[in-house]
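Student: sequence plus the predicted model coming up.
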There are 2 protein chains.
Amino acid sequence: MLDNFKNYIQNHSDITDEQFLEISHYLKSKSIKKGEFVLRHGEVCGYSFFVSKGLLRSYTIDEQGKEHIIQFAPEDWIIVDRSSYFFNEPSELFIDAVEDTALVMLNEDFITHACNISTVYRAFNHKALHSHIRHLQKRVNLLLGATAEQRYLDFIKLYPELTLRLPQWMIASYLGLTPESLSRVRKELARRNFKPH
Amino acid sequence: MLDNFKNYIQNHSDITDEQFLEISHYLKSKSIKKGEFVLRHGEVCGYSFFVSKGLLRSYTIDEQGKEHIIQFAPEDWIIVDRSSYFFNEPSELFIDAVEDTALVMLNEDFITHACNISTVYRAFNHKALHSHIRHLQKRVNLLLGATAEQRYLDFIKLYPELTLRLPQWMIASYLGLTPESLSRVRKELARRNFKPH
DNA sequence: CGAAAAATTGAAGCGCTTCAATCTTAGTGG
DNA sequence: CCACTAAGATTGAAGCGCTTCAATTTTTCG
């Protein structure tokens, strides 16, 4: 189960097999069923979660009990509440499995050691933070200015394969819409003869 | 004009006077008038802008010509389009001066050298990225779930002094509202006898 | 097959926007 | 220092986009 992760990390760094073996002591693998949690609101997020198979999501629940999905993580993605992880604060987020999922948990020590071993990995990590910022900023911008339809079109363009794997109500939640609204957006697109890709 | 920045950086690192002198060659100071730009849509953002006096803002303009303010930066803040800066892509953003502003421009070389000189500075930089992510994520969450009133209350709690310095329409733009809506929110708060602080 | 989850549809409603007019405040030149 | 102008803020009325609620249909899966 570590194999996928090993490939991933070697693709993004110059870490050797021996080096990986050393630091793999800091890793834990885990398999969870659809619906199970790896993080709950109020807990400190002590790990980054690498998805080797399956699909995770992070979300908040507001005062009215409504879910708002923050992120999806399919294979080869890492999901984590970086605020909670870095600042050791209780997390606002829940992270659970959308599908049965095999994951690898990386703790602080793993990251630290990997960064010490490999400046390439350190740079990769740094780049990942910037990608995250880019992504969030784009999302803020869409939420500030784009209509329901524009947001949906952006989503299916950016994540075509997720569009197929996810129930529609989750996409709606990610986009800040009700399932009903998204359904109507899709109906309107179909009427105008829109076909994804 | 560099003094404020020197204080700032020494407060957040162990960089000595001599070290600062060395790397200050990579810095440029600049004074601009209200309304002048330091970055325009389509340009690559080659600097981080430290505000030593005054107030900058970053914003996008959508297809309908509407502004959406992404960030404000008063004294001792740094503003930058990190995506553009890091990935060397043309920026989506405009950055201009809300007030007459004195600023310091840090280029890539400055950051690199400062990180090499001081691991404390490197850590500070790392932390800044995480703060940025935390902030953006909170904002996404508010935009997904909170009403106009909740967003405004959050803003004045977080940035009481900005609330006084900024024209209301800019706060509205930051919150994803029209000026008229914000005005009505404030009226309603006043009716319910709400007093800031 | 049967039950539960998801998606769709319609009707009514709400929150925020839009547009237009008025009032207030701030900045500038006589 | 006041008069004038422009920018900002407020208010009202109408409208639009998305939500809510409720009912129905479709899909999924044990």
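Tutor: Alright, I've got the coordinates. Residues are numbered from 1 along each chain as shown, chains lettered A, B, ... in the order given.
Student: mind listing the helices for chain A?
Tutor: Taking DSSP state H, the helices of chain A run over residues A:2-11, A:17-23, A:82-87, A:108-117, A:119-145, A:148-158, A:160-165, A:168-175, A:179-191.
Student: make CSV from these and add mean neighbour count, distance to DNA strand D and mean pLDDT to it.
Tutor: For every residue, glycine as well, the C-beta is placed using N, CA and C. Below are the helices of chain A laid out as CSV (neighbours: other Cβ atoms under 10 Å in any protein chain shown; distance: least, Cβ to the nearest atom of the strand, whole Å; pLDDT from 0 to 100):
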stretch, mean neighbour count, distance to DNA strand D, mean pLDDT
helix A:2-11, 16, 23, 96
helix A:17-23, 14, 35, 95
helix A:82-87, 19, 25, 98
helix A:108-117, 16, 34, 96
helix A:119-145, 18, 11, 97
helix A:148-158, 16, 4, 97
helix A:160-165, 13, 10, 95
helix A:168-175, 20, 7, 98
helix A:179-191, 14, 3, 97
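Student: looking at the ones you listed, which is closest to B:G54?
Tutor: helix A:119-145 (23.1 Å; Cβ to Cβ).
Student: ok, and does that closest one reach over to DNA strand C?
Tutor: No. Judged by Cβ under 7 Å from any atom of the strand, helix A:119-145 stays clear of DNA strand C, getting no closer than 9.2 Å.
Student: please name the bridge partners of the most centrally placed residue in chain A.
Tutor: The centroid of chain A falls nearest to A:A73 when counting by Cα atoms, centre = their mean (3.3 Å). Here A:A73 sits in beta bridges with A:L56, going by DSSP bridges.
Student: on that earlier part again, nearest to B:R82 among the helices of chain A would be which one?
Tutor: Using Cβ to Cβ, the helices of chain A put helix A:119-145 closest to B:R82, at 5.0 Å.
Student: for the closest one, name the packing helices and strands.
Tutor: Applying 3 or more Cβ pairs under 8 Å, 6 or more residues apart in numbering or on different chains; DSSP states H and E, we find helix A:119-145 packed against helix A:108-117, helix A:148-158, strand B:56-61, strand B:67-73, helix B:82-87, helix B:119-145.
Student: wait, which of the ones you listed is closest to B:N11?
Tutor: That would be helix B:119-145 among the helices and strands packed on helix A:119-145, by Cβ to Cβ, at 9.5 Å.
Student: so which bits of chain A are right by chain B?
Tutor: A:60, A:62, A:66, A:68, A:70, A:82-83, A:86-87, A:92, A:126-127, A:129-130, A:132-134, A:136-137, A:139-141, A:143-146, A:176 (Cβ under 8 Å from any Cβ of the partner chain).
Student: same thing but 7 Å
Tutor: Contact residues (Cβ under 7 Å from any Cβ of the partner chain) of chain A with chain B: A:60, A:62, A:66, A:68, A:70, A:82-83, A:86-87, A:129-130, A:132-134, A:136-137, A:139-141, A:143-145, A:176.
Student: ok, now which ones touch the residue nearest to the centre of chain A?
Tutor: By Cβ atoms under 7 Å, 6 or more residues apart in numbering or on different chains, A:A73 lies in contact with A:V51, A:L55, A:L56, A:I79.
Student: now those residues: which count as buried?
Tutor: Buried subset of the contacts of A:A73 (neighbour count, 16 or more other Cβ atoms under 10 Å in any protein chain shown): A:V51, A:L55, A:L56, A:I79.
Student: chain B: which of those residues is nearest?
Tutor: Distances from chain B to the buried ones among the contacts of A:A73, taken as Cβ to the nearest Cβ, are shortest for A:I79 (12.5 Å).
Student: skipping adjacent residues, who's closest to that closest one in space?
Tutor: On the basis of Cβ to Cβ, 6 or more residues apart in numbering or on different chains, the spatially nearest residue to A:I79 that is not a chain neighbour turns out to be A:A73, at 3.7 Å.
Student: can you check A:L106 too?
Tutor: Setting aside the residues directly before and after it, A:L106 is nearest to A:S48 in space (Cβ to Cβ, 6+ apart), at 4.5 Å.
Student: so that neighbour sits against A:N107, correct?
Tutor: No. Using Cβ atoms under 7 Å, A:S48 is not in contact with A:N107; the gap is 8.1 Å.
Student: more neighbours: which of these two?
Tutor: With neighbours defined as other Cβ atoms under 10 Å in any protein chain shown, A:S48 and A:N107 compare such that A:S48 has more, 20 against 14.
Student: residues contacting that one?
Tutor: A:I78, A:V80, A:Y85, A:L106.
Student: how much space separates A:A128 from B:W77?
Tutor: 24 Å (Cβ to Cβ, to the nearest Å).
Student: that should have said A:I9, apologies.
Tutor: A:I9 is 35 Å from B:W77, by Cβ to Cβ.
Student: now do A:A97
Tutor: 39 Å.
Student: compare neighbour counts for the two and give me the winner.
Tutor: A:A97 (21 against 14).
Student: which residues does the more buried one contact?
Tutor: A:I32, A:K33, A:K34, A:G35, A:E36, A:G54, A:L56.
Student: ok, back up a step: tell me the confidence at the residue nearest to A:I79?
Tutor: On the pLDDT scale, A:A73 is placed at 97.
Student: again with A:R192
Tutor: pLDDT, A:R192: 88.
Student: take the helices and strands packed on helix A:119-145 and lay them out in CSV including distance to B:I111.
Tutor: Converted to CSV, the helices and strands packed on helix A:119-145 look like this (distance: least, Cβ to Cβ, whole Å):
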stretch, distance to B:I111
helix A:108-117, 18
helix A:148-158, 30
strand B:56-61, 19
strand B:67-73, 17
helix B:82-87, 9
helix B:119-145, 7
